[in-house]
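# 3D model of this:
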Amino acid sequence: MSRAIRLLLPWMRRLATLAIMAVAGVMALVTWDYYVAAPWTRDGRVRVQVASVAPQISGQITERRVVDNQFVHKGDVLYVIDPFDFEVSVRTNKAVLEQRAADLQVKQVQSERRQHLTNLATTPEEQQVFAGTALQAKAAFDMAHQQLAQAEINLQRTEVRSPVNGYVTNLLLSVGDYARQGAVMVSVIDSDSYWVDGYFEETKMARVCIGDRVEAKLMGYAQPIVGHVSTVTRGIGVANAASGVQGLPNVDPVYTWVRLAQRVPVRIAIDEVPKGVPLVAGMTATVTVREPGERQSGPRAVLAGLKARLTDVFDGPPARASCIPATTKDRGKTETLASEVEDTGLTPGQITPGLAPGMTASPTSP
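Have a look, this model is predicted:
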């Protein structure tokens, strides 16, 4: 018995060494796939829409009703412009409107009187003159009415209001400043428009699909923001498109074996924000796309995930059908391919995905 053990012991050591090497190799391949093809990126940014509030009239600021970083609701007054000149304009236009109304009444009565006189008391030419005068008075009355409406709306515009719900940011104006028409005086961050932009390398785009669950972990916070892929940018800038000397194309040289992957912006809609995690535009986030298979658990799910990762290392990640809507030019072709999938039983990975402008394409050897 001891002799058999002594004979088997070297082989057991060799088998253990081979097993350790195999596990190490698999782990190395999985790690390589995770860092090269897995759908995650550290280059994520919190984004938001900012309303640049500019006055529609000019005047001196007499009152400021907000402070920096204050939350305001849509319609709240931010600051007030001196209304004196505009109040005078309203009163003046009201007086002009009353004058035009009285003049219109007189001219219409005169015209109606001339229309009822006989040919012995008036002439057709005189009737036409008085009718035209009444029409002119009516036009002058309408113009005065519109001028009054403009004066009243300008008076309302002396109270500059917030167009969105959000936070006042970088407030620098003070009482006494002169507000100029169209010049931005206050910026309001729209609190209802936050989203996350993830800049994914093009080698990882095959695993990014619209609607996929996304976790964005901000620097300094443990709990991630939960969202989903909303849209994928369909074009990025191409440096080789710029013209060089004499209008010739300026093509940058690239290395045959070393090329930097382009980054494609992916917009992520926010579904849930953990308590205590503030959303600040410009914050950095690590964005991870959770594929449908990752939500499963158990040994079979682990083995299936490991098999998929090893397949991706050697064959590349397969494209999923109907992952990203096709462009207008390729839509009919994609519908045809989708019908072929149903008719011939092709796998989704056999469907050729479209390329977005700016992405790098690698030629395949025959």
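
# When you work out contacts or count neighbours from here on, use the C-alpha atoms and nothing else.
OK.

# How is this protein divided into domains?
By the assignment in automatic domain parsing, the chain contains the domains 1-36, 40-48+194-242+255-292, 50-190.

# In a markdown table, list those along with mean neighbour count, mean pLDDT and distance to Leu248.
A markdown table is the format used below for those (neighbours: other CA atoms under 10 Å; pLDDT from 0 to 100; distance: least, CA to CA, whole Å):
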| stretch | mean neighbour count | mean pLDDT | distance to Leu248 |
| --- | --- | --- | --- |
| domain 1-36 | 12 | 74 | 36 |
| domain 40-48+194-242+255-292 | 17 | 89 | 9 |
| domain 50-190 | 17 | 92 | 40 |
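
# right, and the helix or strand after the longest helix along the chain?
Ranked by number of residues, the top helix in the chain under DSSP state H is helix 2-36. Counting by DSSP states H and E, the next helix or strand C-terminal to helix 2-36 is strand 40-47.

# Neighbouring strands - and their directions - for that next one?
Strand 40-47 sits in its sheet next to strand 195-201 (antiparallel), strand 284-290 (antiparallel), going by DSSP bridges.

# quick one: the last one to chain centroid distance?
Spelled out, that is strand 284-290. Chain-centre distance of strand 284-290: 18 Å, with CA atoms, centre = their mean, to the nearest Å.

# Name the residues that touch that strand?
Applying CA atoms under 8 Å, 6 or more residues apart in numbering, the contact partners of strand 284-290 are 39-46, 198, 208, 212-219.

# Equivalent analysis for stretch 170-182, please.
For stretch 170-182, the external contacting residues (CA under 8 Å, 6+ apart) are 54-64, 67-69, 81, 185-187.

# what about 10 Å?
Residues from elsewhere that reach stretch 170-182 (CA atoms under 10 Å, 6 or more residues apart in numbering): 53-64, 66-70, 79-82, 185-188.

# Among the residues you listed, which ones are in strands?
Per DSSP state E, strands hold the following members of these: 53, 59-64, 79-81, 186-188.

# Could you point out which of those is nearest to Ile153?
Ranked by distance to Ile153 (CA to CA), these are led by Ile81 at 13.5 Å.

# Specify the beta-bridge partners of that closest one.
Beta-bridge pairing of Ile81 under DSSP bridges involves Ile61.

# Tell me who's in contact with it.
Ile81 makes contact with 55, 57-64, 155, 157-160, 175-179 under the criterion CA under 10 Å, 6+ apart.

# Kindly report the same for Glu112.
Counted by CA under 10 Å, 6+ apart, Glu112 has contacts 127, 130-131, 134.

# what angle separates the host helix or strand of it from strand 59-64?
Using DSSP H and E, the element containing Glu112 is helix 84-116. Per axes from the mean of the first three to the mean of the last three CA atoms, to 10 degrees, the angle that helix 84-116 makes with strand 59-64 is 120 degrees.

# Going forward, the N-terminal residue is numbered 45.
Shifting the count to begin at 45 puts that one at helix 128-160.

# what's the angle from the very next helix or strand once past helix 128-160 to helix 128-160?
Proceeding N to C from helix 128-160, the next assigned helix or strand is helix 168-200, under DSSP H and E. Taking the same axes, to 10 degrees, one finds that helix 168-200 is oriented at 160 degrees with respect to helix 128-160.

# in its sheet, what does the helix or strand following helix 168-200 sit against?
Remark: after helix 168-200, the chain's next helix or strand is strand 203-205, criterion DSSP H and E. Under the criterion DSSP bridges, strand 203-205 sits next to strand 121-125 (antiparallel) in its sheet.

# could you dump the strand it pairs with to CSV, C-alpha only?
In CSV, the C-alpha atoms belonging to strand 121-125 read as follows (Å, rounded to 0.1, in the frame of the first residue of the first chain):
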residue,chain,number,x,y,z
VAL,A,121,-38.8,85.3,-9.0
LEU,A,122,-35.0,85.4,-9.2
TYR,A,123,-34.6,89.2,-9.3
VAL,A,124,-36.5,92.4,-10.1
ILE,A,125,-35.6,95.1,-12.6
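
# Let me know the closest of the ones in strands among the contacts of stretch 214-226 to Leu53.
Using CA to CA, the ones in strands among the contacts of stretch 214-226 come closest to Leu53 at Val232, 74.8 Å.

# Could you tell me which residues make contact with the closest one?
Contacts for Val232 (CA under 10 Å, 6+ apart) come out as 93-97, 112-116, 122, 206-215.

# Same check on Lys118?
205-210, 234.

# Check the secondary structure at it for me.
coil (DSSP: H, G, I helix; E, B strand; the rest coil).
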